[in-house]
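Colleague: A predicted structure for the sequence below; I have some questions about it.
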Amino acid sequence: MTASQMACGVPMISFAGDGFRVPNSVEFILEKKQHGFSDVHYEVSDVNKIIFLQADSSYMTLYRKIVMRNSAGFPILTIREKAITGQKWLVLGGESSEKSQPLCTVQRSRFAPMKTRLDVFLAGKIDEDISEFQVVGSNHPSQSYRVYKGDTIIAEVNHNSTRRSFCQGRKENFGVKVRSGVDYAFILALIITVLECFSKFRSLSS
């Protein structure tokens, strides 16, 4: 990952590749489609319904695995659950195996365990008490998230709607705004991780 330049006061961040980093702020629609408990499909599009990213979440034995693909269908990132409780996740490049070196580790905050917060640690980080990025959520008045790098907000997410039907299952719709110069594939990977993490946490707590 690189963040050597600044765009509009926001660090320019490349994670999945420079092709996912745009010069201007961009808005996406993230749709989560769930059939039953195990299979979840994510689709990222713009207001013109042009698909930019897709991701599929499924169980590998007891742990969840999410493969994110670009618009052409090629895998760009893999998100793997590290602990069965959903407390810790690994983000790897491509459709990587468990033995591959993770690009970053995402875990529930040890300093705010009762809040919707994930801390993101880059690979090779020496001080595991200081996260490089944070995803902070709120359920009041509606479900929303913000992604921070330090004190700077680099992305914002708001829940738009939820629909349920017997044939199509549950569909949730989120609006995502990514600041200029920030890798949107990285942001969407973090948002999908937080949705998976706290969805599982609520299931285990109920």
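Modeller: Cool, the structure landed.
Colleague: Tell me where the model's unsure across the protein.
Modeller: 1-13, 36-38, 60-61, 83-86, 97-99, 111-114, 125-128, 139-141, 165-169, 198-206 (pLDDT under 70).
Colleague: Break down it into its helices, ranges please.
Modeller: Taking DSSP state H as the criterion, the chain contains helices spanning 184-205.
Colleague: need the strands for it, in chain order.
Modeller: With DSSP state E as the definition, the chain shows strands at residue ranges 6-7, 10-11, 26-35, 39-45, 51-60, 63-70, 75-81, 88-93, 104-108, 117-122, 133-138, 144-149, 152-165, 169-178.
Colleague: Can you add distance to residue 191 and mean neighbour count and give those back as CSV?
Modeller: (Glycine included, C-beta is placed from N, CA and C.) Shown next, in CSV, are the strands of the chain (distance: least, C-beta to C-beta, whole Å; neighbours: other C-beta atoms under 10 Å):
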stretch, distance to residue 191, mean neighbour count
strand 6-7, 20, 14
strand 10-11, 17, 18
strand 26-35, 7, 18
strand 39-45, 9, 19
strand 51-60, 10, 16
strand 63-70, 11, 18
strand 75-81, 11, 21
strand 88-93, 12, 21
strand 104-108, 11, 21
strand 117-122, 10, 20
strand 133-138, 7, 19
strand 144-149, 6, 19
strand 152-165, 6, 15
strand 169-178, 7, 18
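Colleague: for stretch 175-185, the distance to its chain's centre please.
Modeller: Counting by C-alpha atoms, centre = their mean, to the nearest Å, stretch 175-185 is centred 11 Å from the centre of its parent chain.
Colleague: With stretch 30-40 instead?
Modeller: 15 Å.
Colleague: neighbouring contacts of it?
Modeller: Contacts of stretch 30-40 with the rest of the structure, by C-beta atoms under 8 Å, 6 or more residues apart in numbering, involve 41-45, 56-59, 157, 168-176, 188, 191-192, 195-196, 203.
Colleague: same thing but 6 Å
Modeller: Stretch 30-40 is touched from outside by 41-44, 57-59, 169-174, 176, with contacts defined as C-beta atoms under 6 Å, 6 or more residues apart in numbering.
Colleague: which two in these are spaced the farthest apart?
Modeller: Greatest spatial distance in those: 59 and 176, 25.6 Å, computed using C-beta to C-beta.
Colleague: I'd like the strands of the chain written out as TSV, with distance to residue 18 added.
Modeller: Compiled in TSV, the strands of the chain are given as follows (distance: least, C-beta to C-beta, whole Å):
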stretch	distance to residue 18
strand 6-7	13
strand 10-11	14
strand 26-35	15
strand 39-45	18
strand 51-60	15
strand 63-70	13
strand 75-81	12
strand 88-93	14
strand 104-108	18
strand 117-122	17
strand 133-138	19
strand 144-149	18
strand 152-165	16
strand 169-178	15
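Colleague: To residue 19, which of those lies closest?
Modeller: Judged by C-beta to C-beta, the one of these that comes nearest to residue 19 is strand 63-70, at 8.3 Å.
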